[in-house]
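Novice: fold the stuff below for me.
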Amino acid sequence: MIGTRNLVFEYGDVRVLDEVSLRIDDGEFVVLAGANGSGKTTLVRQFNGLLTPDEGTVTVDGTDVTEDLLSARQRVGMVFQSPRDQFVATTVGTDVAFGPENLGLERTEIDRRVGEALSAVGMDGRGDERIDQLSGGEQERVAIAGALAMEPDHLVLDEPFTGLDEPARQSVLQKLAALRERGTGIVVVTHDLRDVLELSDRVVALVDGQVAVDATPDAVGTALDGIGIRVPAGR
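Specialist: I've put the predicted structure just below:
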């Protein structure tokens, strides 16, 4: 479980998050929506200690993130908006192995995690391929595999469909649906609900750093109108 309580974060004199209290349960698929600048990315980067709140608390399974960063980063996997920002190696397998290696695991355990993570995203047998020769959708899947190799309880993806063509978008969506079925908690940060609304258990929308909407997809109704979020036609 990820929880925030009265969370405040400021960049200089600008309050980006303003008293955000939120709970995300294990296995829950949450869409975190909002216009650009609403505070979405700033919020999720608190979940595993990439940013530290100015006020309030962030907990993972009841433990304050600031008290156990390693545990938080194992339990909450993060996939950035641009996958290239998180690649640390030249080839697929080496990159996916990086996180488990830094946990000091045995080689057999690292190999198991890498194999299962690549299988989960449909990249079996492609560990020796160069990342810079992959398509955008394939790079996104490798970034997801790198996060999955840490065996997190929650997977957080920041605008995962940016720059992807339709086949790549559908491929990533299929992988997210499969992970959801396996019980992995998923948080997708987006300003466009077209791809993910049907998969979600819950929609949380931010406006000016505050939670403006927190509802099931069926209950969202017109609550998202006028706040810079693209809603599928007919919803």
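Novice: contacting residues around the residue lying closest to Gly127 once chain neighbours are set aside?
Specialist: Distances taken as CB to CB, 6 or more residues apart in numbering put Gly93 closest to Gly127, at 2.7 Å, once the chain neighbours are dropped. To be clear about C-beta, it is placed using only N, CA and C from the backbone, and glycine gets the same treatment. Neighbour list for Gly93: Val114, Leu118, Gly127, Asp128 [criterion: CB atoms under 8 Å, 6 or more residues apart in numbering].
Novice: could you measure from Val189 over to Gly27?
Specialist: From Val189 over to Gly27 the distance is 18 Å, taken as CB to CB, to the nearest Å.
Novice: which one of those two has more residues nearby?
Specialist: Val189 (22 against 15; other CB atoms under 10 Å).
Novice: let me know the secondary structure of that one.
Specialist: Three-state assignment for Val189 (DSSP: H, G, I helix; E, B strand; the rest coil): strand.
Novice: so which of the contacts of Gly93 is surrounded by the most neighbours?
Specialist: Val114 leads the contacts of Gly93 on contacts (other CB under 10 Å) with 25 neighbours.
Novice: just the strands in the protein please.
Specialist: Secondary structure of the chain, counting by DSSP state E: strands at 2-11, 14-24, 29-33, 55-60, 63-64, 76-79, 154-158, 185-190, 202-207, 210-215.
Novice: who touches the longest helix seen in the chain?
Specialist: Scanning the chain for the longest helix, with DSSP state H as the assignment, gives helix 166-182. By CB under 8 Å, 6+ apart, the residues outside helix 166-182 that reach it are 29, 120-122, 135-138, 140-141, 144, 148, 155, 157, 160-161, 164, 186, 188, 195-196, 199.
Novice: and Ile24, what is it in contact with?
Specialist: Contacts of Ile24 (CB under 8 Å, 6+ apart): Met1, Ile2, Gly3, Val30, His154, Gly185, Val187.
Novice: filter those to the buried ones?
Specialist: Met1, Ile2, Gly3, Val30, His154, Gly185, Val187 (16 or more other CB atoms under 10 Å).
Novice: between those residues, which is closest to Gly226?
Specialist: Using CB to CB, Val30 comes nearest to Gly226 of these, at 21.9 Å.
Novice: hey, what's that closest one bridged with?
Specialist: Val187, Arg202 (DSSP bridges).
Novice: next one: Glu159 from Glu55, what distance?
Specialist: 27 Å.
Novice: more neighbours: these two, which one.
Specialist: Glu159 (18 against 14).
Novice: contacting residues for the spatially closest residue to that one that is not a sequence neighbour?
Specialist: Distances taken as CB to CB, 6+ apart place Gln81 nearest to Glu159, at 4.5 Å, with adjacent residues excluded. Counting by CB under 8 Å, 6+ apart, Gln81 touches Thr41, Asp158, Glu159, Pro160, Thr162.
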